[in-house]
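>>> pasting the sequence and the predicted model now:
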Amino acid sequence: MKVFIEKDKKEIDFSFSGSALDLLSQLDVNKETVLVIRNSELITLDEKLVDSDTVKILSVVSGG
Amino acid sequence: MKCSKCSSKAVFPGYCKEHYIEYFENKVKDTIEKYDLISKEDKCVIAVSGGKDSIAVMYLVNKFFGNVSALSIDEGIADYRASTLVDLKKFCTEHNIPLVIKSFKKEFGMHLDEMVKKTSFKPCHVCGVLRRYLLNKHSKDFDKIITGHNLDDESQAILVNLFRGNPELMARLGPSTGLRKMKQFTQRVKPLYFLTEKEVMAYVILMGWQVGFTECNYSGISYRSSVRDLLNEYEMNHVGTKANVVDHFISMLPSLKTKFASNGEPSLCKCGEPAKSEMCKTCELLLQIK
């Protein structure tokens, strides 16, 4: 699965199975600071992700 | 997860896209009404950076009341402000909102990046003082300055002032700022006061607006950023922490404002802006920097 982490401007590609919340936990990302986009659509963190998904983790924290 | 209002798939906890947008806009409308933030007669200027919060509040105040103007401050921070101003100009053009941009360079003769090399004050302190000065100076023809401050911003500001033992500054917070109405200050109001950053970002995404993530070069070294991280840790482990901080603060706010409201009328600095003493904070700061 391709995952783009916006804040770090980093893309990673790895095999993953689980919910969006599991993904954030595995990447050690605080769920309060991000939104998850799957295949260009905003999703809730209980959504199951599959390897063919393209995921973006968007930071919601103000940059200023 | 399903929407609590219909059987559609949720895109945000409890809401499908349509009902989330409805929830968000109603919450902004309710905040404006409950705290009497804006009336139909008010001439409003939106303080905008081009980030998600100011874009959302500008769109909504223009939608609810119309006839708004936008005012942005270019501090002169390399690799930061220029990109947000591009998004901002595009949005204002598309929504037919007049935009004025004032810069530190033109107003004070220096970019913020140059100023911070000449002072021991932290960049966020210098930036905050000068930004507030320019916003007030250039909003004299308006009744209200609308800002995009959200629940995260406010809970951070409350804790920063609590940790630093500064109750008078805390008393100036709230949905509408200041201890009392003073003709020298254009009142600043915060329609996004009860919405989290996450909620604002979700609204911006669902509205289809392109607002890229940019981080100020100085944000990592600010006191506020450590409080922000602390609050996010608490929120993750104890849901509702930020709302509890703000709700409890709101209940104390009337007595805080009363306690500090009797402080005297500000005098006028030689620059024409209000000051607590003979000289305003901006002139004091510039004197040290130059």
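Everything's here; your move.
>>> identify the residues contacting the most centrally placed residue in chain A.
In chain A, the residue lying closest to the centroid (Cα atoms, centre = their mean) is A:Ile57, at 3.7 Å. Neighbouring residues of A:Ile57 by Cβ atoms under 8 Å, 6 or more residues apart in numbering or on different chains: A:3-7, A:24, A:27, A:29, A:34-37. In short, each C-beta sits where N, CA and C put it, glycine included.
>>> can you check A:Glu11 too?
A:2-5.
>>> helix, strand or coil for it?
Three-state call for A:Glu11 (DSSP: H, G, I helix; E, B strand; the rest coil): strand.
>>> gap between the residue nearest to A:Val29 when sequence neighbours are not counted and B:Gly272?
Leaving aside its sequence neighbours, A:Val29 sits nearest to A:Ile57 (Cβ to Cβ, 6 or more residues apart in numbering or on different chains; 6.3 Å). Separation of A:Ile57 from B:Gly272 (Cβ to Cβ, to the nearest Å): 47 Å.
>>> cool, and B:Leu173?
Distance from B:Leu173 to B:Gly272, by Cβ to Cβ: 26 Å.
>>> compare these two (neighbour count), which wins?
Higher neighbour count among B:Leu173 and B:Gly272: B:Leu173, with 23 against 10, using other Cβ atoms under 10 Å in any protein chain shown.
>>> give me the mean pLDDT for the lengthiest helix in chain B.
Assignment by DSSP state H gives helix B:241-261 as the longest helix of chain B. Helix B:241-261 carries an average pLDDT of 94.
>>> rewinding a little: what's the closest of the contacts of A:Glu11 to chain B?
Lowest distance from chain B to those (Cβ to the nearest Cβ) belongs to A:Ile5, with 10.5 Å.
>>> that closest one pairs with what?
Beta bridges link A:Ile5 to A:Lys10, A:Ile57, judged by DSSP bridges.
>>> what's near enough to touch it?
Each residue near A:Ile5 by Cβ under 8 Å, 6+ apart is listed here: A:11-12, A:27, A:29, A:57.
>>> ok, B:Thr147 next?
With contact set as Cβ under 8 Å, 6+ apart, B:Thr147 has these partners: B:46-47, B:54, B:57, B:188-190.
>>> let me have those residues in a markdown table, extended by pLDDT, neighbour count and secondary structure.
Converted to a markdown table, the contacts of B:Thr147 look like this (pLDDT from 0 to 100; neighbours: other Cβ atoms under 10 Å in any protein chain shown; DSSP: H, G, I helix; E, B strand; the rest coil):
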| residue | pLDDT | neighbour count | secondary structure |
| --- | --- | --- | --- |
| B:Ile46 | 97 | 27 | strand |
| B:Ala47 | 96 | 23 | strand |
| B:Ser54 | 93 | 25 | helix |
| B:Val57 | 97 | 26 | helix |
| B:Arg188 | 94 | 21 | strand |
| B:Val189 | 96 | 26 | strand |
| B:Lys190 | 98 | 27 | coil |
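>>> need these in CSV (columns: distance to chain A).
Formatted as CSV, those follow (distance: Cβ to the nearest Cβ, whole Å):
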residue, distance to chain A
B:Ile46, 16
B:Ala47, 12
B:Ser54, 10
B:Val57, 13
B:Arg188, 16
B:Val189, 18
B:Lys190, 14
